[in-house]
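need coordinates for the following:
(chains A and B)
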Amino acid sequence: MNIPTIFGICASMLIGLGLYGIIIQDQVLRKLLSFNLVGTGVFLLFGVIGRRGAEGGLGGDPVVFGLVITGIVVAFSATALAVALLIRLHEETGDDTLLDEAPGEEEK
Amino acid sequence: MISSISSDGTLLVFSLVLPVIGMLLAMLTGGRHARTVVLLMLVANVAVASGIITGIWESGQAITYHLGGWSPPLGIELRADGLSAAMMAVTALVSLAAGLYAPAGFRFPPSKGSPALESRMSFVFWFLLSATVAAMNLVFLAQDLFSLYVALELVAFAGVPMVALSGSANTLRAALRYLIFALIGSIFYLLGAVLLYGFYGTLDISLLAGLVEPGPSLWLILAFMTVGLAAKTALFPLHIWLPPAHAGAPPAASALLSALVVKASFFLVVRLWFDVVPGLPSPSASQVLGAMGAGAIMFGGVLALLQARLKLLIAYSTIAQLGYLFLAFPLAFGMGAGFETGPALTGGMFQAMAHAFAKASMFMAAGLIAEAIGHDRIADLGGLGRVLPVTCLAFGIAALSLIGVPPTGGFVAKWILLEVAATSGQWWWAVFLIVGGFLAGGYMFRVIVPALARDVVPPTLIAPVSKFREAVVLVLALLALALGLFSDAPAELLTLGRPPSADVIQP
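A predicted model of the protein is given here:
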């Protein structure tokens, strides 16, 4: 078993764990952390693929580094947006889950 | 693959740069001038979109532009074919209408209530409106899967705050739920894109189209990406985030979300199935996608029949109407032929365009109704036609298009799909098309029939309705009608500049 394979398996495990967390957890913050776990897994997969695709004495495929950095920025912004919404929700209701949705009737 | 850079390629750059400039200028000038700046930008955007359509129409070919003069796979290519141009035009028109409609709700300075909240709301709306236009244009133009991923995320980042504009607890919940679905959806899409890069060493759509080979790994990748995109399009059974999100947003924002934002991920499914892996999808996989679409038509239709609130009814109708879009995939298999661009895709895209106009008009009409009579309970809408005739007329025309009554755009879309279902021997989709039409008729007439009733006391108006905003809503509904009356030109536009068809790839 070579190194890219080991990291590939790690990446799939991260993705699996993250998905499990997103589905199982009630608290939004935990869902977000799980989402970041999935994201990390996907980025690790990028790294594995970059390593595998390395040619001509390069340590890795430079294209994937560009992609991973962009991906990290996007995932970071997504998390920031979600946390901002969550803080606002907590201020409004004192709740940090999406469970007890108030019935739509009494709104306005 | 023809990749000549046409002289009007700069128009593509304008279509991306203009909305961003509008957005930044609006931020600099602040809330008071944000509206003027953004409206000017939206008008310019309509001009750019029509320029792109003219370019494609006259040359009969796609317009391409290579950023920095670098050609793929190293560089990034922008490419507008008939599909992109048509969707860009729809985006430009609907966003302009939303901008013109919105001022009364998002005017600066605020008339009453909490000044800080109101002015922030108006400011943020203009900002998000420009961001949506920029992101949508990028979705229609980008030609590599990673730029498309970024575009998809930008669409979500513009759409999610729009849901929570009012800042109430319910809309915050709806926005968070939408965001979580959108994030899972795009990470699945990205996973598929990574794997494609790992297998074929490129993310450029036209290069991939020449490289992909059928096999279990490709099916897995396609499944990842399609499921992710379906979650963002609110395809049944991944739709649960949509009704609260679309019904809770302010009317102008609902119109954008329902008419445009969900179409971005649908457009990517089309790109993926028709352009990235042309000719390869198997009939059984497309039947699954069609079955989800059919489920959406039934489920959305029945739930729309049960709603007590007008905005929720319209939101559930969006789920049903999005279902029709996915019927295009199984129907793209003609008689024994492979998966290919053809009338089924034209029908699907027509549905996307007609639904965009009709649904935007309908959400805005519902907004006017709620403002004028102070509620949107369907049970108390009796006699509305007498107090708000123009709004009800617009609502009615939009409803006819959603039901699929000739000669509206919705009729043309459903007729094309029905015809393909008959000629390709897939009669079961015709059943769903027809029953879906009846359901749509049912839930729309629940609103229209009481509204036109003569023998009830009409609801009292608590606020006057601006004639101008009524006119905007009516124009949108008439656009849905015009799409049906003059369907030849758009239908031809959709087929222009498409990549070389599947036979190149097929063994």
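
residues from the stretch 51-200 of chain B in reach of chain A?
With the criterion set to C-beta under 8 Å from any C-beta of the partner chain, the stretch 51-200 of chain B comes near chain A through B:146, B:149-150, B:153, B:156-157, B:160-161, B:164, B:167-170, B:172-173, B:175-177, B:179-180, B:183-184, B:187, B:190-191, B:194-195, B:197-198. Every C-beta, even on glycine, is put in place using the N, C-alpha and C of the backbone.

just the buried members of those?
Among these, those scoring as buried are B:146, B:149-150, B:153, B:156-157, B:160-161, B:164, B:168-170, B:172-173, B:175-177, B:179-180, B:183-184, B:187, B:190-191, B:194-195, B:197-198 (criterion: 16 or more other C-beta atoms under 10 Å in any protein chain shown).

mind naming the longest helix for chain A?
In chain A, assigned by DSSP state H, the helix with the most residues is helix A:62-93.

quick one: distance of that helix to the chain centre.
For helix A:62-93, the distance from its own C-alpha centre to the chain's C-alpha centre is 9 Å (C-alpha atoms, centre = their mean, to the nearest Å).

quick one: residues in contact with stretch B:425-437.
For stretch B:425-437, the surrounding residues in contact (C-beta atoms under 8 Å, 6 or more residues apart in numbering or on different chains) are B:290, B:293-294, B:297-298, B:301, B:320, B:323-324, B:327, B:330-331, B:333, B:335, B:403-404, B:414, B:417-418, B:421-422.

list the buried residues of it.
Buried residues in stretch B:425-437, counted by 16+ other C-beta under 10 Å: B:426, B:429-430, B:432-433, B:436-437.

off-centre distance for the helix or strand encompassing residue B:435?
Assigning secondary structure by DSSP states H and E places residue B:435 in helix B:427-451. Between the centre of helix B:427-451 and the centre of its chain there are 21 Å (C-alpha atoms, centre = their mean).

who are the contact partners of residue B:368?
If you count contacts by C-beta under 8 Å, 6+ apart, residue B:368 has them with B:251, B:388, B:391, B:465, B:469-470, B:473.

that older thread, list only buried entries from the contacts of stretch B:425-437.
Among those, those classed as buried by 16+ other C-beta under 10 Å are B:290, B:293-294, B:297-298, B:301, B:320, B:323-324, B:327, B:330-331, B:333, B:403-404, B:414, B:417-418, B:421.

can you map out the helices along the stretch 151-300 of chain B?
Using DSSP state H, counting those that start in this stretch, the helices of the stretch 151-300 of chain B run over residues B:169-200, B:205-211, B:216-233, B:242-248, B:251-256, B:262-270, B:283-306.

can you put those helices in a markdown table and add mean pLDDT and distance to residue B:487?
As requested, these are exported to a markdown table (pLDDT from 0 to 100; distance: least, C-beta to C-beta, whole Å):
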| stretch | mean pLDDT | distance to residue B:487 |
| --- | --- | --- |
| helix B:169-200 | 89 | 32 |
| helix B:205-211 | 85 | 28 |
| helix B:216-233 | 90 | 24 |
| helix B:242-248 | 87 | 27 |
| helix B:251-256 | 89 | 23 |
| helix B:262-270 | 92 | 19 |
| helix B:283-306 | 89 | 22 |
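
out of these, the one nearest residue A:47 is which?
helix B:169-200 (10.0 Å; C-beta to C-beta).

packing partners for the closest one?
For helix B:169-200, the packing partners by 3 or more C-beta pairs under 8 Å, 6 or more residues apart in numbering or on different chains; DSSP states H and E come out as helix A:3-24, helix A:28-52, helix A:62-93, helix B:145-163, helix B:205-211, helix B:216-233, helix B:242-248.

isn't residue B:318 right up against residue B:358?
No. Checked against C-beta atoms under 8 Å, the pair residue B:318 and residue B:358 is beyond contact range at 10.4 Å.

those two - which one has more neighbours?
Taking other C-beta atoms under 10 Å in any protein chain shown, residue B:318 and residue B:358 do not tie; residue B:358 has more neighbours (31 against 28).

tell me how far the helix or strand in which that one is found lies from the chain's centre.
Assigned by DSSP H and E, residue B:358 belongs to helix B:343-373. With C-alpha atoms, centre = their mean as the basis, helix B:343-373 stands 9 Å off its chain's centre.

now do it against helix B:283-306, angle only.
For helix B:343-373 against helix B:283-306, the angle by axes from the mean of the first three to the mean of the last three C-alpha atoms, to 10 degrees is 20 degrees.

report the rounded mean pLDDT for helix B:343-373.
Mean per-residue pLDDT for helix B:343-373: 90.

now the element after it, going C-ward?
Later in the chain than helix B:343-373, the nearest helix or strand by DSSP H and E is helix B:384-387.

quick one, the helix or strand following that next one and helix B:343-373 angle?
Downstream of helix B:384-387, the first helix or strand assigned by DSSP H and E is helix B:389-403. Here the directions of helix B:389-403 and helix B:343-373 differ by 150 degrees (the same axes, to 10 degrees).

tell me the helix or strand right after helix B:389-403.
Next along from helix B:389-403, by DSSP H and E: helix B:409-423.

just checking, what packs against that next one?
helix B:310-331, helix B:343-373, helix B:389-403, helix B:427-451, helix B:467-485.

would JSON lines of those helices with distance to residue B:20 be doable?
Listed next are those as JSON lines, based on distance: least, C-beta to C-beta, whole Å:
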{"stretch": "helix B:310-331", "distance to residue B:20": "28"}
{"stretch": "helix B:343-373", "distance to residue B:20": "22"}
{"stretch": "helix B:389-403", "distance to residue B:20": "31"}
{"stretch": "helix B:427-451", "distance to residue B:20": "38"}
{"stretch": "helix B:467-485", "distance to residue B:20": "25"}
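
any idea which of the ones you listed gets closest to residue A:72?
Of the helices and strands packed on helix B:409-423, the one closest to residue A:72 (C-beta to C-beta) turns out to be helix B:310-331, at 31.5 Å.

what is the neighbour count of residue B:485?
When neighbours are counted by other C-beta under 10 Å, residue B:485 registers 13.

who touches it in this structure?
Each residue near residue B:485 by C-beta under 8 Å, 6+ apart is listed here: residue B:407.

around chain B, which positions in chain A sit nearby?
Residues of chain A lying near chain B (C-beta under 8 Å from any C-beta): A:15, A:19, A:22, A:28, A:31-32, A:35, A:38-39, A:42, A:45-46, A:48-49, A:52-53, A:63-64, A:67, A:70-71, A:74, A:77-78, A:81-82, A:85-86, A:88-89, A:92-93, A:95, A:98, A:101-102, A:104-105, A:107.

torsion angles phi and psi at residue B:66?
As for residue B:66, its main-chain torsions (degrees, to the nearest 10) stand at phi -100, psi 120.

quick one: pLDDT of it?
pLDDT for residue B:66: 86.

the one 5 residues further on too?
Turning to residue B:71, the model gives it a pLDDT of 78.

on that earlier part again, from the buried residues of stretch B:425-437, pick the one nearest chain A.
Lowest distance from chain A to those (C-beta to the nearest C-beta) belongs to residue B:436, with 24.5 Å.

distance to residue B:25 added to the contacts of residue B:368, as JSON lines?
Putting these into JSON lines (distance: C-beta to C-beta, whole Å) gives the following:
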{"residue": "B:251", "distance to residue B:25": "25"}
{"residue": "B:388", "distance to residue B:25": "36"}
{"residue": "B:391", "distance to residue B:25": "33"}
{"residue": "B:465", "distance to residue B:25": "31"}
{"residue": "B:469", "distance to residue B:25": "25"}
{"residue": "B:470", "distance to residue B:25": "30"}
{"residue": "B:473", "distance to residue B:25": "28"}
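
neighbours of the residue nearest to residue B:251 when sequence neighbours are not counted, just the number please.
Spatial nearest neighbour of residue B:251, excluding adjacent residues (C-beta to C-beta, 6 or more residues apart in numbering or on different chains): residue B:367 at 2.4 Å. Residues contacting residue B:367 under the criterion other C-beta under 10 Å number 27.

now residue B:82: how far from chain A?
Remark: distance between residue B:82 and chain A (C-beta to the nearest C-beta, to the nearest Å) = 29 Å.
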